Each structure stands twice: as structure tokens, then as C-alpha cells.
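Participant: Predicted model follows, preceded by the sequence.
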Amino acid sequence: MSWSSAGGRVSLTINGAVFSNWLSLTLTRDMRDLTGKFSLSGYDVARAAAAMPATAWPGTLPAPAQRRQSCAVALDGETVLTGWIDKLAGSWDDKSLSLTVEGRDRTGDLVDCAAAPNGPAEWQGATLLQVAQQICAPFGIAVRAQTDTGGPFARLAINPHESALSVLEKASRQRGVLVVSDGVGGLLLTTGGRSPAPAGLIVGQNVQKASFAFDDTKRFSDIFVKGQAEKCAGRRGDGPPPLSHAATPGTTPGMAGAQATEAAGILMTGHATDPEVTRWRPAVRMARTQSGAATGQQQAEWAIRVARGESVSLHYPVLDWRANGVLWRPNTTVRVWDPYAGIDDVMLIRAVTYRIGPDGQSPATPMTDIEVVGLTAFDRIDDPTPKRPLKVR
């Protein structure tokens, strides 16, 4: 039986035992998905020994990989993901044995599980950081804030069935904060593009092939934000006006005055335009929140910026997992020079996928698939310094 490893550069540690006999790796971290995920395929010596007990196996064999075990994936000895094994898939024939191990980082449980199955049904006077810490504590996930998370919520209600991720996203949107995994067991409350990438993406240098997509279907010339506060900013009564025998059919007493009161309750309004969309393409967004959040105008401007940033995406496979000795990572800014796509600008790395394994090249050749988008794709709502629009020829 013959096999070749992934150059000894990939290891999976399970309960203190290090497994390094892997033929291939795929490990992805994407800002659109809270949790990082991995897939490793190779050779499980313990399972092979159990299947072929007559064969002499050197040394002490580790226990076989199992589902629900905690694990850590390292590249060149640097841990990039700590989490849990979710899936195992194996196959064998008269010539080979193989095993594929799949898992996610610890924040995967936040995607799957209820936020507060035993309460509370709402938080009052708690900050985003406090809410996130309370939700994540039972999962053993530490929460760190890399940016101002804003003041306390007057009231943040949740449904009993809501997932932890759903609650975190709802609360973070109200504060204009990005929620991402750090990959190694923690959760970050942060903003987009906090640090630079280790190198640029330059066609003809470290970029030998690429693909791009420009999509304006979600961009609009005008975005209007409208919203209504509870009880018309305190001017609406607790119920409808009482019925009277003097009321004529089809009318309700006090409606003329009620219209003015209702109008006063429409507190969140905003209007922003995208000068690059020159034809009439209007859209209306409902205000995301009523308490202590960005104004309707800020929300409208934010929607324009995010749509502009998301409309441009490019994909670059590059050799190795590192540049200048540093791993490529998501949520970093990178200079892109791609004359075919018409890009010469600073962009945001949205996702990275580390790969190694048979793909037409040497099995030991590591690659990184890098996805980049416009800088504003993950902007804060209340960003006081809007970024310069991406230049696309």
C-alpha cells in the first residue's frame, strides 16, 4: 500500500494525538459565514490496523478519529482552526484505505443551536458585548470587541427558537458591528478591513489566473429608509379610540387627529443615491431598529455603500498559504492589480481557502484561493469616513 502525504505541512490534533498522514486539505474562512470549516482526506493508521490485524504496525497507535471530538488544524505548525469533528466518511478496497474528516471551528455550534432555550426572552440595558458574552459562555466561546460596540439596548427581544447566530446578527446590525470567528475558538466584534494583507495580488507576479464577476442587480439609484416607532414616539395611545353611537359608518372617531399623530411617529427616514446608477432604480428599506441605532439617513447611505462593495468580486488562486511568511487571512485589505478586470485599487479579502492535495499539481503544493470584494462590502452603518468608491474601468 502506497500513499504520499501533504508534505508534512498539515496536522490534525485530536485529544493530544497528532495525525499528519493527509493526502489533501480544504480549509475555508469566509466573512459571509460565521464559522470556518475544514475537510481532510488521508490515512487513519488506527482504523487500518483494526482492519488488518495481521500487519505489523510500528510504534504506539493513536485512537481512531471519531465524531464529536475536539480538534485543532495546524498549517506548518501554526494552529488556524480549533473546533469539533462533525463528519467522517471512509472507503476501502483491495488496494487502498481512505478516510475523510470534516469539521468546523467552535462557532459552528452558534449556527446550529438555540441562543437561550431556558431564557431570558429579552435583555434590557445590556450592551452588545454583554449579550454576546452571555450567549457564547455556555458554548465555551470567548468574545472580544475590537471596536466600539455602542451603548446598551433599551430592549432586545428574542424568540425561543432563534439560533445564537440569528440573535447575534440581529443585535450586531443594530450597532453596525461585524461578527466573525477568529478561527481558534473565539468570536470577534469588529469592523471590516482592520489590517493589511501580507502582500498585494498582482497579475504576472503572484497571480497567474483569475476570475471576476460584476453584478449590479442589487444596486439602486435611490434607496429610501422608512420606519415607525412604537406608539408614535409616545404620542399614540394604548389602543384604538372608543366606539360611539354617533359615529357614521366607515369612520372612526378621532381619525383626523390620528393621522397627524401617526405621521409624527414616522421617525426613521432617509434617502441616499448611488451616482454610478444613472437610471431610475428606487428601493425602499424598512428601518432596522428604533432604539439607539443609526439614523434613517445613515442606514440609507450604508445600504448604498454595501451594495456597491458587493457588486464587485474577484477570485485569485495563489501559490502557498503565506506571503512574506504570513498567512493570507480574511478581513484584510489588499492591493489588486488586474488589467483584464480593470482593477487597480485596494480591496477587501472576503474569504480564503487553504488547499493542498492532488489537483493536477504535486500533492505537496499548497494553494490559497482568495476572494476579494469592494472595501465597502462590510462597512459599519455609522462609519464617519466613507471609503472612496472602487475604480473599475
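Facilitator: Everything's here; your move.
Participant: For the spatially closest residue to Pro117 that is not a sequence neighbour, grab the count of nearby residues.
Facilitator: Distances taken as Cβ to Cβ, 6 or more residues apart in numbering place Pro160 nearest to Pro117, at 7.1 Å, with adjacent residues excluded. Using the backbone N, CA and C atoms, a C-beta is placed for each residue, glycine as well. Summarising burial for Pro160: neighbours were counted as other Cβ atoms under 10 Å, giving 11.
Participant: ok, Pro160 to Ala154 distance?
Facilitator: Here the criterion is Cβ to Cβ, to the nearest Å. By it, Pro160 lies 21 Å from Ala154.
Participant: do the same with Phe224
Facilitator: Look at Phe224 and Ala154: by Cβ to Cβ, they are 26 Å apart.
Participant: which of these two has more neighbours?
Facilitator: Under the neighbour definition other Cβ under 10 Å, Phe224 and Ala154 were set side by side, and Phe224 has more, 16 against 12.
Participant: residues touching the more buried one, list them.
Facilitator: Taking Cβ atoms under 8 Å, 6 or more residues apart in numbering as the criterion, Phe224 is in contact with 269-271, 282-285, 300.
Participant: Could you rerun that using 10 Å?
Facilitator: With contacts taken as Cβ atoms under 10 Å, 6 or more residues apart in numbering, Phe224 has the following neighbours: 269-272, 282-285, 296, 300, 303.
Participant: Just the buried residues out of the residues you listed, in ChimeraX syntax.
Facilitator: Selecting only the buried entries of the contacts of Phe224 in ChimeraX, with 16 or more other Cβ atoms under 10 Å as the criterion:
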select :270,272,283,285,296,300,303
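Participant: Out of the contacts of Phe224, which comes closest to Gln146?
Facilitator: Relative to Gln146, the closest of those is Ala303; by Cβ to Cβ it sits at 23.7 Å.
Participant: Pull the contacting residues for the closest one.
Facilitator: 218-220, 223-225, 270, 272, 274, 283, 285, 288, 379, 381.
Participant: Where does pLDDT dip in this protein?
Facilitator: Within the chain, the ranges that satisfy pLDDT under 70 run 1-7, 44-64, 94, 228-268, 288-294, 358-363, 382-393.
Participant: What is the burial count for Thr217?
Facilitator: Applying other Cβ under 10 Å, we find 8 residues neighbouring Thr217.
Participant: ditto for Trp280
Facilitator: The local packing of Trp280 (other Cβ under 10 Å) involves 8 other residues.
Participant: right, and it touches Asp222 too?
Facilitator: Yes: here Trp280 reaches Asp222: they are 7.7 Å apart, a contact under Cβ atoms under 10 Å.
Participant: can you pull the buried residues of stretch 127-144?
Facilitator: 127-129, 131-133, 135-136, 141, 143.
Participant: same thing with stretch 111-122?
Facilitator: Burial within stretch 111-122, assessed by neighbour count using 16+ other Cβ under 10 Å, is assigned to 114-116.
Participant: now, among the residues you listed, which is nearest to Lys209?
Facilitator: Ala115 (42.6 Å).
Participant: Excluding covalently adjacent residues, which one is nearest to Cys71?
Facilitator: Nearest residue to Cys71, sequence neighbours excluded (Cβ to Cβ, 6+ apart): Ile14, at 5.0 Å.
Participant: Is the one you found bridged to anything, and to what?
Facilitator: Judged by DSSP bridges, the bridge partners of Ile14 are Ala17, Cys71.
Participant: Measure how buried it is and give me the count.
Facilitator: Ile14: 19 surrounding residues under other Cβ under 10 Å.
Participant: Kindly report the same for the one 3 residues further on.
Facilitator: One way to gauge burial is a neighbour count; for Ala17, by other Cβ under 10 Å, it gives 14.
Participant: pretty sure it contacts Gln66?
Facilitator: No: assessed by Cβ under 10 Å, Ala17 is found out of contact with Gln66, at 11.5 Å.
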